[in-house]
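Student: okay, predicted coordinates and the sequence, questions at the end:
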Amino acid sequence: MTRYLVRRALSSLTVLFGISVVTFAMIYFLPVDPARMYAGPHASVETVARIRHQMGLDLPLWDQYGRYVARALQGDFGYSYDLQMPVTEAVLSRFPYTLELIFAAIFVELVLGLPLGVAAAVWKNSWIDGLATVLALLGVSSPPFWLGLLFLYFFAFQLGLFPLGGVGGLSHLVLPALTAGLGGVGWYARMTRSSLVEALGADFVRTARAKGLSEWTVVLKHAVKNALNPIVTMAGQDIPWFVGGVVVVEMVYAWPGVGRLAVEAILADDVPLIMGTVTLTALLVVASSIVIDIAQAWIDPRIRLEA
Amino acid sequence: MSARDAWHRFRKNRLALVGGAFVAALVLAALFAPWISPHDPAEQFDDGLTAQGLPVPSTLPESTRFLLGTDELGRDLLSRILWGARVSLTVGVLANAIAIAIGVAVGSVAGYVAGRTGQVLMRVTDVVMSFPTLLLAVALVAILRPSLWVIIFVIGAVYWTWIARVIYGETRRLREMDYVEAARSAGARTGRIIVRHILPHLLPTIIVWGSLGIATNVMLEASLSYLGIGVQPPTPSWGVIIREGQNFYRTAPWLIVYPGLAIMLTVLAFNLLGDGLRDALDPRQRR
């Protein structure tokens, strides 16, 4: 296990290095002059030059990159012109909202998707199997911002069941979570189905059946347990897509998460804030993939032995 | 497997045929939008707004002039959606061409030339994939300033990683094939083996992703445009129509419903077509 952890840590270090190069390049080759942005439109040429010097923008490329990484290691991702506060602070204050939404959406996917997938595998080629297929197709094809606006119209505006947006109690979370999660329900159901169909044909399931266990015990206790592993991987691999995907959901429901922050930053032309949100969410993705890989290696010894 | 067998299998797949027919109809609609739209998509009609200055719904008997109703400026929604198909398809197809070009190049070289080069290439893929897709696209467009070409380029630049992963796996499988082994032992050079012996066998995969990728890219373009960081008004993109209409969703829900349906049906059709092509071209991967 220790060897696996070390290898895993080393491979994420190279990814982190890659992220730092990509984000630095994006800032460096930007057509906007950060010193001019910081000084404001009316500042004199001398002031801009002085700020440029203070910010280290007149240093050679490698020095600037070194300073960028050194600052990033200390958690410093610059200062937001628009919000007048450190970027890290601004992003971290919004992170909890995005995480809440992502977890709620994954909860929706699993709570609806797994049982549907199990039912589809047990009653193969029945109407419920067909339903899973149709849901999967419609789910990946419906734009989440469109679903969100339709939900707002019907459930919040017409029926008055939920608030029209913003944050608050659980009632504020229901529609955004459904919007972000519903797309994945059918997809998870399909994956659970194919994984479970395979497990149901395996030798250990035949043994369990031969022991005279009831069909439901066989399915739930023996087959589902083994079929779940690829699903955990999928839920993990979903996170980067999700962090991007919830951006539009946050916009529809006025949800104060990181995605909304990024869009606001762009509309305000606040470059440090834009890059800060992108960099910090990428770090979140790397961190979450490490956690998931370790969890998997812990569940399934084959993974850590292969590494 | 011959093309004839594949066509035979494809023809029996009803969903794929429906998807293909919709795609064909959409391409025609986009091509002939200037001739088939009932109105100029940018014209603001005096009778396109009600006496209260609100959009005209399609359900009013006097609105036969505007089949899907009008928008907040009195423009004909149907015409705008038809013209929007041009934007969606242009971005979807061209961005996917870029993504496939990069993805196939990276994936096939990384898959064939294992060792250090291959590892570095796949690490680069991992790095790009660790950015939240839509957020990276949003940041890139914001930095480069939105225009049709920037959007096409950015979507291609964030989407190629998916294709690279698939092509990488396929190439790893192909490189162990006997005929590749034979070419290698006959002294053929790496570049030649990839072009002559690997690429032709990747064609089915490329065709499948040609369709599935368009579905994803149409969705990405719509999302960017909805956020206001994609296609800029007055160009009628489906995402733009929904963005402009969302302030009126309570009084004019059709401004959301119809363009959203256009996006959904388009993405669905390319997905169905892609799944059908996969089943027809590669029975091994059939679920």
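Tutor: Perfect, I can see it now.
Student: which parts of the stretch 201-307 of chain A sit against chain B?
Tutor: Within the stretch 201-307 of chain A, the positions near chain B by CB under 8 Å from any CB of the partner chain are A:240-245, A:247-248, A:251-252, A:259, A:262-263, A:266-267, A:271, A:274-275, A:277-278, A:281-282, A:285-286, A:289. All C-beta atoms are positioned from the backbone trio N, CA, C, and that covers glycine.
Student: show me where chain A has helices.
Tutor: With helices called from DSSP state H, chain A shows them at A:2-28, A:34-39, A:45-54, A:61-73, A:87-122, A:127-141, A:144-151, A:170-200, A:203-210, A:215-217, A:224-252, A:258-267, A:271-299, A:301-306.
Student: for those helices, give me TSV that also has mean neighbour count and mean pLDDT.
Tutor: TSV is the format used below for the helices of chain A (neighbours: other CB atoms under 10 Å in any protein chain shown; pLDDT from 0 to 100):
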stretch	mean neighbour count	mean pLDDT
helix A:2-28	15	82
helix A:34-39	18	70
helix A:45-54	14	80
helix A:61-73	14	82
helix A:87-122	20	88
helix A:127-141	18	84
helix A:144-151	24	91
helix A:170-200	22	83
helix A:203-210	13	80
helix A:215-217	11	77
helix A:224-252	21	77
helix A:258-267	24	88
helix A:271-299	21	81
helix A:301-306	13	65
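Student: tell me which of these sits nearest to residue B:128.
Tutor: helix A:2-28 (7.4 Å; CB to CB).
Student: touching chain B at all, that closest one?
Tutor: Yes: between helix A:2-28 and chain B, judged by CB under 8 Å from any CB, the touching residues are A:14-15, A:18-19, A:22, A:26.
Student: for chain B, state which of these is nearest.
Tutor: Proximity of the residues of helix A:2-28 next to chain B to chain B (CB to the nearest CB) peaks at residue A:18, which lies at 3.2 Å.
Student: isn't that closest one up against residue B:126?
Tutor: Yes: taking contacts as CB atoms under 8 Å, residue A:18 lies within contact range of residue B:126: 7.4 Å.
Student: where do the helices sit along the stretch 1-150 of chain B?
Tutor: The residue ranges that make up the helices of the stretch 1-150 of chain B, judged by DSSP state H, counting those that start in this stretch, are B:3-11, B:14-31, B:33-36, B:77-112, B:115-129, B:133-144, B:148-174.
Student: wait, what's in contact with residue A:142?
Tutor: A:182-183, B:260, B:264, B:267 (CB atoms under 8 Å, 6 or more residues apart in numbering or on different chains).
Student: residue A:247 versus that one, what's the distance?
Tutor: Using CB to CB, to the nearest Å, we find residue A:142 at a distance of 16 Å from residue A:247.
Student: same question for residue A:270.
Tutor: The span separating residue A:270 from residue A:247 equals 16 Å under the rule CB to CB.
Student: same check on residue A:14?
Tutor: From residue A:14 across to residue A:247, the span is 27 Å (CB to CB).
Student: how about residue A:23?
Tutor: Between residue A:23 and residue A:247 the distance, using CB to CB, works out to 18 Å.
Student: leaving out sequence neighbours, find the closest residue to the residue of the stretch 151-287 of chain B found nearest chain A.
Tutor: Going by CB to the nearest CB, chain A is nearest to residue B:260 of the stretch 151-287 of chain B, at 3.4 Å. Counting by CB to CB, 6 or more residues apart in numbering or on different chains, the nearest residue to residue B:260 once its immediate chain neighbours are dropped is residue A:146, at 3.4 Å.
Student: how about the contacts made by that neighbour?
Tutor: For residue A:146, the residues meeting the contact criterion (CB under 8 Å, 6+ apart) are B:242, B:256, B:260, B:263-264.
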